[in-house]
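1. this one's sequence-less:
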């Protein structure tokens, strides 16, 4: 049965929000990862990679807000500290000292991680009848899979 945020049980809201907060954390770390690499990429692929990394961090910045606002729509606290996000995230920081291929590989892992996390969050939402959150997770997961495809294409 499809339910709105207001109709969900407290347990359902908590489970969904936990999965969304995981997604927010990983998106935040991936945002900074892409921006860091945008600033520091060099080499023959500088132009297209600089542009791709910017597309990624701009997309991710907006996504953080969309995901966190859905947490709040569920009437649950949205994680908003960098320390909390870094602790929770499966996507890891990087100091930016890397070749262009190492940057691409790190961002590829981040995109694949985000796609998997969002697929899991969407499944939790679906289990509770929260199709609005499920839809958000599906759309975000598709975006991360598309970025992963772009990154893999650079490695071919």
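-> On my side now, so go ahead. Remember, predicted model here, so these are calculated numbers, not experimental data.
2. all helices of this protein, in order?
-> Assigned by DSSP state H, the chain shows helices spanning 10-40, 46-73, 82-88, 100-127, 131-155.
3. in a markdown table: these, plus mean pLDDT, distance to residue 2 and mean neighbour count.
-> Just so you know, the C-beta spots here come from the backbone N, C-alpha and C atoms, and that holds for glycine as well. Putting the helices of the chain into a markdown table (pLDDT from 0 to 100; distance: least, C-beta to C-beta, whole Å; neighbours: other C-beta atoms under 10 Å) gives the following:
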| stretch | mean pLDDT | distance to residue 2 | mean neighbour count |
| --- | --- | --- | --- |
| helix 10-40 | 97 | 12 | 22 |
| helix 46-73 | 97 | 15 | 17 |
| helix 82-88 | 95 | 29 | 14 |
| helix 100-127 | 98 | 10 | 20 |
| helix 131-155 | 97 | 5 | 18 |
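4. make TSV out of those and add distance to residue 4.
-> Output for the helices of the chain, formatted as TSV (distance: least, C-beta to C-beta, whole Å):
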stretch	distance to residue 4
helix 10-40	11
helix 46-73	9
helix 82-88	27
helix 100-127	12
helix 131-155	7
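5. relative to residue 1, which of the ones you listed is closest?
-> helix 131-155 (10.0 Å; C-beta to C-beta).
6. what is the closest one packed up against?
-> helix 10-40, helix 46-73, helix 100-127 (3 or more C-beta pairs under 8 Å, 6 or more residues apart in numbering; DSSP states H and E).
7. switch the cut-off to 7 Å
-> helix 46-73, helix 100-127 (3 or more C-beta pairs under 7 Å, 6 or more residues apart in numbering; DSSP states H and E).
8. how far does that helix sit from the chain's center?
-> Between the centre of helix 131-155 and the centre of its chain there are 9 Å (C-alpha atoms, centre = their mean, to the nearest Å).
9. can you list contacts of that helix?
-> 2, 16, 20, 52, 56, 59, 63, 66, 70, 101, 104, 107-108, 111-112, 114-115, 118-119, 121-122, 125-126 (C-beta atoms under 7 Å, 6 or more residues apart in numbering).
10. show me what contacts the residue nearest the centre of the chain?
-> Of all residues in the chain, the one closest to the mean position by C-alpha atoms, centre = their mean is residue 27, 3.1 Å from it. Each residue near residue 27 by C-beta under 7 Å, 6+ apart is listed here: 60, 63-64, 67, 114.
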